[in-house]
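[1] Sequence first, then the predicted structure, then my questions.
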Amino acid sequence: MEHFYVTLLLLFVSFVTLSLFVLFYRHKSNYSVPNLPPGKTGLPIVGESLEFLSTGWKGHPEKFIFDRMAKYSSQVFKTNILAEPAAVFCGAAGNKFLFSNENKLVTAWWPSSVDKIFPSSLQTSSKEEAKKMRKLLPQFLKPEALQRYIGIMDTIAKRHFASGWENKDEVVVFPLAKRYTFWLASRLFLSIEDPNHVAKFEAPFHLLASGIISLPINLPGTPFNRAIKASNFIRKELLKIIKQRKVDLAEGKASPTQDILSHMLLTSDENGQFMNEMDIADKILGLLIGGHDTASAACTFIVKYLAELPHIYEQVYKEQIEIANSKVPGELLNWDDIQKMKYSWNVACEVMRLAPPLQGAFREAINDFIFNGFSIPKGWKLYWSANSTHRNPECFPEPEKFDPSRFEGNGPAPYTFVPFGGGPRMCPGKEYARLEILVFMHNLVKRFKWQKLLPDEKIIVNPMPIPAKGLPVLLFPHKA
């Protein structure tokens with residue numbers, strides 16, 4: 001019997017040793033190509049993932065990038081992130097190269113965790129599903145289509161501020177900003193207006209957003225596990241909404257053109273095939289994430305910076321109150337009003353420069369190629385970082401200074417200001433985000449001034465920047 005246990009132990013040790021050898025060999029072989037960019041790759045499998053993620057958790061995601069730019073190269077360096085050999089492209093030249101070579105040398109890539117959180121019912125990847133969505137969206141998100149949404153946005157903003165902000169001495173901004181942007185997305189994508197129905201999704205969406213770019217460890221209590229559970233819950237709820245809409249369309253109670261959901265149900269592909277219900281739920285889930293998460297972070301940081309910079313607040317207030325005073329009582333904002341909010345949008349852009357809601361994104365090399373004299377092998381993952389230009393003094397002099405005038409005239413140099421990405425994969429909701437942010441600013445500053453309750457509140461990035469305590473503020477309503 002003792003001999004049996006010794007044999008079992010030896011087999012186990014041999015298996016572990018062999019596994020570690022295979023992992024080490026695979027890790028080393030990923031970096032055996034000559035003339036790779038300079039950099040370090042960290043531990044087998046884990047690589048530098050923990051450092052990459054932890055600098056964000058500590059509130060300084062740019063530190064991972066700038067430390068390596070200073071040590072290795074200001075243009076490109078190698079690393080290992082999320083168990084993948086990767087090259088990080090830096091600066092305007094790196095952004096231009098990646099954005100200009102979409103589907104030629106590089107293609108979109110998401111970590112495997114994203115496919116697990118957003119599983120496609122059609123057994124295709126998130127990448128394929130995203131391509132389909134980009135064909136569906138333009139007619140809903142182009143400026144001329146969005147013009148008719150401004151009045152709806154203003155109506156929801158008024159209701160939001162009446163229920164969540166007015167007659168309160170103190171509020172916590174980030175949860176309220178999420179409620180506002182999610183209410184808008186629910187109304188415009190699904191025609192859901194009931195605040196209680198909207199509120200049902202709030203907590204699951206927060207868990208989902210926190211787990212998208214996390215270590216893919218599916219154990220109870222991990223962010224990844226909570227995100228998968230939240231995704232499943234939301235998809236089930238969306239299926240109920242989809243089934244009811246099919247009934248309403250059949251009975252003439254819903255319009256074919258009222259929102260994206262109706263459009264998806266009634267539009268066939270080039271082969272005459274209609275999307276099934278689960279496929280539509282997948283796509284609506286992705287839209288709701290994209291349609292509210294980044295904008296809520298931007299709205300929150302606008303409140304933060306306007307509290308810290310009273311002279312900027314006064315300029316925004318002056319612009320917005322002129323617009324408010326030009327309206328008759330009850331009149332909603334319109335497209336012409338939005339076009340007058342030039343200074344306010346410059347302020348919003350400067351906020352997104354200093355606190356980009358989208359920190360960066362991944363691509364995958366679909367061919368071997370040379371960049372800046374270094375070899376990039378096919379299959380390597382590529383990462384671009386907004387902070388590599390946003391906080392770079394070569395792109396923005398005195399980068400820590402808040403200066404909306406950077407966006408006057410022709411604005412920043414091409415490929416330096418990239419809060420919405422760039423190239424063919426630029427965020428299709430860029431104009432939608434501009435409208436919801438400006439409508440938020442208008443309704444906020446015409447009602448209140450405010451003061452931060454935690455002057456030194458820490459910022460964490462997970463995966464978007466958020467104030468650690470949600471940004472509690474003291475409200476001072478304007479005298480009527």
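    Nice, I can see it.

[2] where in the stretch 151-300 of the chain is pLDDT low?
    The model of the stretch 151-300 of the chain has pLDDT under 70 over residues 213, 215.

[3] Helices of that one, start to end?
    173-190, 195-199, 202-211, 223-250, 260-266, 277-308 (DSSP state H, counting those that start in this stretch).

[4] other SSEs contacting the fourth one?
    Counting contacts by 3 or more CB pairs under 8 Å, 6 or more residues apart in numbering; DSSP states H and E, helix 223-250 packs against helix 112-117, helix 202-211, helix 260-266, helix 277-308. Any C-beta I mention is one placed from the backbone N, CA and C, and that applies to glycine too.

[5] hang on, the earlier thing: can you put the helices of the stretch 151-300 of the chain in JSON lines and add distance to P143?
    Formatted as JSON lines, the helices of the stretch 151-300 of the chain follow (distance: least, CB to CB, whole Å):
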{"stretch": "helix 173-190", "distance to P143": "15"}
{"stretch": "helix 195-199", "distance to P143": "26"}
{"stretch": "helix 202-211", "distance to P143": "27"}
{"stretch": "helix 223-250", "distance to P143": "27"}
{"stretch": "helix 260-266", "distance to P143": "17"}
{"stretch": "helix 277-308", "distance to P143": "16"}
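
[6] for those helices, which one sits closest to H60?
    Among the helices of the stretch 151-300 of the chain, helix 277-308 comes nearest to H60, with 15.3 Å by CB to CB.

[7] Spatially nearest residue to M153 (excluding sequence neighbours)?
    Nearest residue to M153 in three dimensions, chain neighbours excluded: V439, at 4.5 Å (CB to CB, 6 or more residues apart in numbering).

[8] which residues in this protein form strands?
    Taking DSSP state E as the criterion, the chain contains strands spanning 76-81, 84-89, 106-108, 170-172, 360-365, 369-371, 374-376, 381-385, 448-452, 459-461, 465-467, 472-477.

[9] Pull the distance from the fourth one to the chain's centre.
    Averaged C-alpha coordinates place strand 170-172 at 24 Å from its chain's average position (CA atoms, centre = their mean, to the nearest Å).

[10] what does that strand rub up against?
    For strand 170-172, the external contacting residues (CB atoms under 8 Å, 6 or more residues apart in numbering) are 164-165, 453, 469-475.

[11] Partner strands of that strand, with direction?
    strand 472-477 (antiparallel) (DSSP bridges).

[12] What of the fifth one?
    For strand 360-365, the paired strands and their directions (DSSP bridges) are strand 106-108 (antiparallel), strand 381-385 (antiparallel).

[13] Check the second one too.
    For strand 84-89, sheet partners with direction are given as strand 76-81 (antiparallel), strand 381-385 (parallel), following DSSP bridges.

[14] Dump the C-alpha coordinates for it into PDB.
    Output in PDB follows, covering the C-alpha atoms of strand 84-89 (Å, rounded to 0.1, in the frame of the first residue of the first chain):
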ATOM      1  CA  GLU A  84      -1.200  36.800 -24.000                       C
ATOM      2  CA  PRO A  85       2.100  37.900 -25.500                       C
ATOM      3  CA  ALA A  86       1.400  41.600 -26.300                       C
ATOM      4  CA  ALA A  87       2.900  44.700 -27.700                       C
ATOM      5  CA  VAL A  88       1.800  48.100 -26.300                       C
ATOM      6  CA  PHE A  89       1.700  50.800 -29.000                       C
END
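
[15] one step back: right, and the strands paired with strand 360-365 - which one's nearest G422?
    strand 381-385 (8.7 Å).

[16] who touches the closest one?
    61-62, 65, 81-82, 84-90, 94-95, 98, 106, 109, 359-365, 376, 418.

[17] Check stretch 297-312 too.
    So stretch 297-312 is contacted by 173-174, 177, 180-181, 313, 316, 347-348, 350-352, 354-355, 357, 402, 404, 433, 437, 440-441, 444-445, 450-452, 464-467, 471, 473 (CB under 8 Å, 6+ apart).

[18] buried set for it?
    297-307, 309, 312 (16 or more other CB atoms under 10 Å).

[19] Likewise for stretch 449-461?
    Buried residues in stretch 449-461, counting neighbours by 16+ other CB under 10 Å, are found at 449-450, 452, 459, 461.

[20] any chance of the residues you listed in CSV, with pLDDT and distance to F274 too?
    Formatted as CSV, those follow (pLDDT from 0 to 100; distance: CB to CB, whole Å):
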residue, pLDDT, distance to F274
K449, 96, 52
W450, 97, 48
K452, 97, 51
I459, 90, 45
V461, 83, 40
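
[21] any idea which of those residues is closest to P195?
    For those, with P195 as the reference and CB to CB as the criterion, the closest is W450, at 22.7 Å.
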